[in-house]
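Q: model this:
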Amino acid sequence: MSFNNNRKLSIKPFRQTGLSSFAHGSNMDQSTAMSAFSSLSTAIDEIHSRNASLLSFEELYRNAYNLVLHKHGGLLYDGVAERLGYHLEKSAGALVQMAMGLEAASAAGAVDSRGGSVTNGGGGGGNMDDINASIAFLSSLSSTWKEHRVTMVMVRDIFMYMDRTYVQQNRKMTVYELGLFLFRRVVWEREMTLTQEGQNEGEGKMASGGQGRQMKPQQILDVDPPRTLGNVASTLLLRVIRQDRLDRLDDAPQRIALLRSCIHMLLELSMPNVVGSSTSEYPRGGNSSAIPVYERDFEEAFLGETQDFYRNESAGRLSHATGLGGGEASNNILVDSFASKLPAKYSAMEYLLRIVETELIERHAKTLVDMEGSGFASLLKEVTSSNAAGGVAAAGEGTAFPIDKERIADLGTIYELFSRVPSSVNHLRDALSERIRIDGRSLVRDQETNASPPAAFVKGVLAMRERFGAVVTESLKGEKKSQKRMKEAFEDFLNADARAANCLAVYVDELLRVGLRGADERKVAAELDRVIVIFRYLADKDVFEAYYKNHLAKRLLGNKSGSEEAERAMVSLLKAECGYQFTSKLEGMFNDMRISKETAEKYRSHKKSLVATTSDPRDAENGGKSVDVEVSVLTTGYWPSQNVEPCILPPPVKAAMDRFQKYYLNTYTGRKLSWQTSTGSAEIRATFPPAKGSTKPRRHDLTVTTYQMCILVLFNNRDTLTLKQIREETQIPEDELRRHLVSLCTPKHRILKKGSKGKGISGDDDTFTYNADYTSKMTRVKVPMVSMRDATLGPNAEGGAGDGTSSNAAAAHKGASGAHNASVLVDGSPSVPASVEEDRRHLLEAAIVRIMKARKTLNHNDLVAEATKQLSGRFVPPPQFVKKRVESLIEREYLERDENDRKLYRYMA
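A: Numbers count the residues shown, from 1 in each chain. Predicted coordinates for the structure are as follows:
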């Protein structure tokens, strides 16, 4: 069999047989109409008796059609309402009897039908007998509802013509809507009484309102509303929901279906066309004065019950110190067990989740964050503690900070829950910031007490950044505000003084000397990127530049860089962060080294040409052997310099230096060389008496500083010298002389013997004697400098044991500038170096002049803000510092104050 989809179906006029023999326009009297409706009334009864298969729907449709056609639509409509109400009244009576039996049998819990809540001595859900009885009642109610809906579909089909004509013309509810309305009136709003008034005599009688009972006089009195089936059903529904939340139900799928069915029923009974009217027995279709059943009888009580449940739930969790827990349990804590059972269109969902969020999070956000053991702060401490992270790595060893992925996930779960209440996330950010400050201050204290070297401090900061970065990225989903709080917290403890800048410079020095030796390009980039992350946190970047420049000078002059590519990569990163001005001197240092290498090659060629043509008589002073000298010519201003007078060099060395100076000045006319003997190194051969049982002298090639070379050469002619004699014959500064002498007297490299006992030098009369018994397994011996406490306090520090000086000799154009020493605060912490402080004065004054030249007039606060903004890439000037520079410029007549407003400045051309 096939169907033509294009064929249009239409209802043809009925054959005029039986009751349909009335012609159009002929009248059907009342008795005939009642007779016609009698068959329809019987059909409605049969449908309710589940005998619909015995009926002829075509004949029934025809009878309803004729009644409407002959102006008996009102009779038909009221009759349908009466029969529907009759059958609903019987169903309501059965449900009332069941509800009363349930109340009578309930011993553990009582139904408060007026309050709409379950009360029992246990305070939680009811016992299982009550729960099962409640489920049985709700199942009966749900079954009654479902059967009524199925019945109404068949009844609607019979009276379809009435819906299209009479109902629309008279603005009545459709038959299906009428059925829902009557279910609400007769069943849901049925009073809890067992009266059967109207049931026995309702058959065949038009009962007003379809309820089969008269309005009782007491119902209009000003008293509490009577108990209804709806009150009982709502209360039992809340009881089942509470027990479901306590997870003490079996057969979950069936229970879920039951709860969903009950909520669907409430929603359909709340449709605008079904809600009723205060002025008519049957409301007109489209009535908008809604009295929603689920809001009035269920939603308000349900939301109150939800609030009480989760308020108790949160109190219980806090009393047992479980907080939000972790893992899957935390992930599901805001997914109310009943919420998933609600229809998608259920309007209370938003309010439900809001209640859960408020009771579980918003009201206790601070407590949940700070809770010991399971709070966010406690979990964060576990994730970011040194022990949990496995310690720190040496410079250049790569990341060695294993992260507890499980705890990271727990923190992420807590963030997801808190993010439902945006105001509560601030507590997480506060905990993050506070933990960073606590850990950071601990690192600073270790550095203040010299419990850890500078490089270890930076490694600790890098470890912190690695761990907290993982927390922000993975747990807090990279949230911008959390990133900002983390940045501010790191800046807070790193910028307490200039110590962090020095420590970072020392760490980078270690990294570039040893840590990155032999590393591939990817590893170099990764390590330097981590350094730059910490560098960004520094407010005083110019202090870092001063320290970094000093260490770079030592690496370049001493040929101690592990990788030239890494050196240039670091400068490029600094340039990208701070601009060309910041790295111009650093790039100039690299350029000087390149030119110095070219000059050295040319000088060697020049010496070879001289040897081929003549013999220099000055070589006779050194046994016919000339001294090789390698000179690095440095541009004043690029390199850290010291205003230290050159020491007295041994004659052969002085002669070699004079020859180079003559060659250089002849090649580059107009230049001046100032020798920096404090920054040189030398290789000398020392000969010691033969060991016992041997006739062969012992020889060692010693790598020493220029100062040490000058000291050791004095012992070629004498075995013992005093401190005073050595100072007079070398002219080495007192502090440096003592330091270099102590380095030559250490137990491991005791080339000289000190007359006094102890580590220090007693005074000018302290003696130093050539140690003929010196021994070493190595032929080539590097004599390291001893570490002095002051060495790490300024840009000119040596940086620890084993860190010698830089080149065989160094020269600078046009002499040396001021010393580059560090100033020290009263409490022993380093402040800004004096040279950096001087540079800052010039930079700030130049910035102020530029600003005032462009703006002409500006008040004090705006000038401070603008100057700070322009200089923030190098340092952040304190307001008092800006004020002093402004006053200095006023004294020098660059600026003037306004006569009427002393806080207003004017630029003087």
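
Q: the stretch 501-650 of the chain: helices as residue ranges?
A: In chain order, the stretch 501-650 of the chain shows helices spanning 521-537, 541-557, 564-578, 580-613, with DSSP state H, counting those that start in this stretch as the criterion.

Q: can I get the CA coordinates of the first one in PDB?
A: Going back to what we said before, that points to helix 521-537. Taking C-alpha atoms only, helix 521-537 is exported to PDB below (Å, rounded to 0.1, in the frame of the first residue of the first chain):
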ATOM      1  CA  GLU A 521      70.200  26.300  21.300                       C
ATOM      2  CA  ARG A 522      66.900  25.100  22.700                       C
ATOM      3  CA  LYS A 523      68.200  24.700  26.200                       C
ATOM      4  CA  VAL A 524      69.900  28.000  26.100                       C
ATOM      5  CA  ALA A 525      66.700  29.800  25.100                       C
ATOM      6  CA  ALA A 526      64.700  28.000  27.800                       C
ATOM      7  CA  GLU A 527      67.100  28.800  30.600                       C
ATOM      8  CA  LEU A 528      67.500  32.500  29.600                       C
ATOM      9  CA  ASP A 529      63.700  32.800  29.200                       C
ATOM     10  CA  ARG A 530      63.300  31.700  32.800                       C
ATOM     11  CA  VAL A 531      65.900  34.300  33.900                       C
ATOM     12  CA  ILE A 532      64.000  37.100  32.000                       C
ATOM     13  CA  VAL A 533      60.800  36.200  33.800                       C
ATOM     14  CA  ILE A 534      62.500  37.000  37.100                       C
ATOM     15  CA  PHE A 535      64.100  40.100  35.600                       C
ATOM     16  CA  ARG A 536      60.700  41.500  34.700                       C
ATOM     17  CA  TYR A 537      59.800  41.500  38.400                       C
END
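
Q: which residues are contacting it?
A: Under the contact criterion CB atoms under 8 Å, 6 or more residues apart in numbering, helix 521-537 has outside partners 395-396, 398, 458, 461-462, 465-466, 487, 490-491, 494-495, 504, 507-508, 511, 515-516, 519, 541, 544, 563, 565-566, 569-570, 573-574, 577. Any C-beta I mention is one placed from the backbone N, CA and C, and that applies to glycine too.

Q: among the residues you listed, name the buried ones.
A: Among the contacts of helix 521-537, those buried by neighbour count (16 or more other CB atoms under 10 Å) are 395-396, 458, 461-462, 465-466, 487, 490, 494-495, 504, 507-508, 511, 515-516, 519, 541, 544, 563, 566, 569-570, 573-574.

Q: and stretch 472-483, what's buried?
A: Of the residues in stretch 472-483, those with enough neighbours to count as buried (16+ other CB under 10 Å) are 472, 474-476, 479, 482.

Q: show me those residues that map onto helices.
A: Here DSSP state H is the test, and the buried residues of stretch 472-483 give Ser482 as lying in helices.

Q: return the most buried member of the helices of the stretch 501-650 of the chain.
A: Per-stretch averages of neighbours, counted by mean count of other CB atoms under 10 Å, single out helix 541-557 among these, with a mean of 24.

Q: quick check, nearest of the buried residues of stretch 472-483 to Leu557?
A: Relative to Leu557, the closest of the buried residues of stretch 472-483 is Val472; by CB to CB it sits at 41.6 Å.

Q: identify the residues contacting the residue lying closest to the closest one once chain neighbours are set aside.
A: Residue nearest to Val472 in three dimensions, not counting chain neighbours: Ser482, with 5.0 Å by CB to CB, 6 or more residues apart in numbering. By CB under 8 Å, 6+ apart, Ser482 lies in contact with 428-429, 432, 472, 476.

Q: follow-up on the earlier one: out of the buried residues of stretch 472-483, flag the one nearest to Lys602.
A: Closest approach between these and Lys602, by CB to CB: Val472, at 55.8 Å.

Q: isn't the closest one right up against Lys480?
A: No: if you go by CB atoms under 8 Å, Val472 and Lys480 don't touch, sitting 10.0 Å apart.

Q: what's the domain layout of this structure?
A: If the domains of the chain are taken from automatic domain parsing, they occupy 26-192+207-214+224-301, 361-494, 498-578, 594-678, 681-805, 834-907, with pieces of a single domain joined by a plus sign.

Q: that older thread, in a markdown table, list the helices of the stretch 501-650 of the chain along with mean pLDDT.
A: Rendered in a markdown table, the data for the helices of the stretch 501-650 of the chain read as follows (pLDDT from 0 to 100):
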| stretch | mean pLDDT |
| --- | --- |
| helix 521-537 | 91 |
| helix 541-557 | 90 |
| helix 564-578 | 91 |
| helix 580-613 | 88 |
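
Q: do you know which of those lies nearest Gly373?
A: Taking CB to CB, helix 521-537 is the member of those nearest to Gly373, at 31.6 Å.

Q: could you check how far that closest one is from the centre of its chain?
A: The offset between the C-alpha centroid of helix 521-537 and the centroid of the whole chain comes to 21 Å, using CA atoms, centre = their mean, to the nearest Å.

Q: mean confidence (pLDDT) on the helix or strand in which Thr151 is found, please.
A: Mapping Thr151 onto the secondary structure by DSSP states H and E places it in helix 128-158. With pLDDT averaged residue by residue, helix 128-158 scores 90.

Q: would you confirm that Thr722 contacts Asp765?
A: Yes: between Thr722 and Asp765 there is a contact under CB under 8 Å: 5.7 Å.

Q: which one's more surrounded, the two?
A: More neighbours surround Thr722 than the other of Thr722 and Asp765, with 15 against 10 (other CB atoms under 10 Å).

Q: tell me the spacing between the more buried one and Thr769.
A: When distances are taken as CB to CB, to the nearest Å, Thr722 and Thr769 turn out to be 10 Å apart.

Q: any stretches of the stretch 401-550 of the chain with poor pLDDT?
A: Within the stretch 401-550 of the chain, the segments meeting pLDDT under 70 span 401-402, 451.

Q: and the spatially most central residue of the chain, what is it in contact with?
A: When the chain is reduced to its mean C-alpha position, the closest residue under CA atoms, centre = their mean turns out to be Val472, at 2.9 Å. Contacts for Val472 (CB under 8 Å, 6+ apart) come out as 432, 478-479, 482-483, 486.

Q: Val421 versus that one, what's the distance?
A: In this structure, Val472 and Val421 are separated by 20 Å, where distance is defined by CB to CB.

Q: how about the strands of the chain, start to end?
A: If you assign secondary structure with DSSP state E, the strands in the chain sit at 109-112, 117-120, 631-634, 673-675, 681-688, 698-705, 720-722, 752-754, 767-770, 780-782, 809-813, 857-859, 895-897, 904-907.

Q: OK, contacts around the residue nearest to Arg738 when sequence neighbours are not counted?
A: On the basis of CB to CB, 6+ apart, the spatially nearest residue to Arg738 that is not a chain neighbour turns out to be Ile761, at 5.3 Å. Residues in contact with Ile761 (CB under 8 Å, 6+ apart) are 723, 738, 741-742, 754.

Q: residue ranges in the chain under the pLDDT threshold?
A: 1-27, 106-127, 194-225, 247-252, 272-291, 320-348, 386-402, 451, 612-626, 787-831.

Q: from Ala470, how far out is Leu380?
A: 11 Å.

Q: those two - which one has more neighbours?
A: Set side by side, Leu380 and Ala470 show more neighbours around Leu380, with 25 against 19, by other CB under 10 Å.

Q: the more buried one against Ile436, yeah?
A: No: under the contact definition of CB under 8 Å, Leu380 does not touch Ile436, with a separation of 9.6 Å.

Q: what ranges do the helices span in the stretch 301-450 of the chain?
A: Under DSSP H, counting those that start in this stretch, the stretch 301-450 of the chain gives helices at 327-331, 349-360, 365-370, 376-384, 386-389, 405-418, 425-448.

Q: nearest to Leu258, of the ones you listed?
A: With CB to CB as the criterion, Leu258 lies closest to helix 349-360 of the helices of the stretch 301-450 of the chain, at 18.8 Å.

Q: how far does that closest one sit from the chain's center?
A: For helix 349-360, the gap between its own C-alpha mean and the chain's C-alpha mean amounts to 25 Å (CA atoms, centre = their mean).
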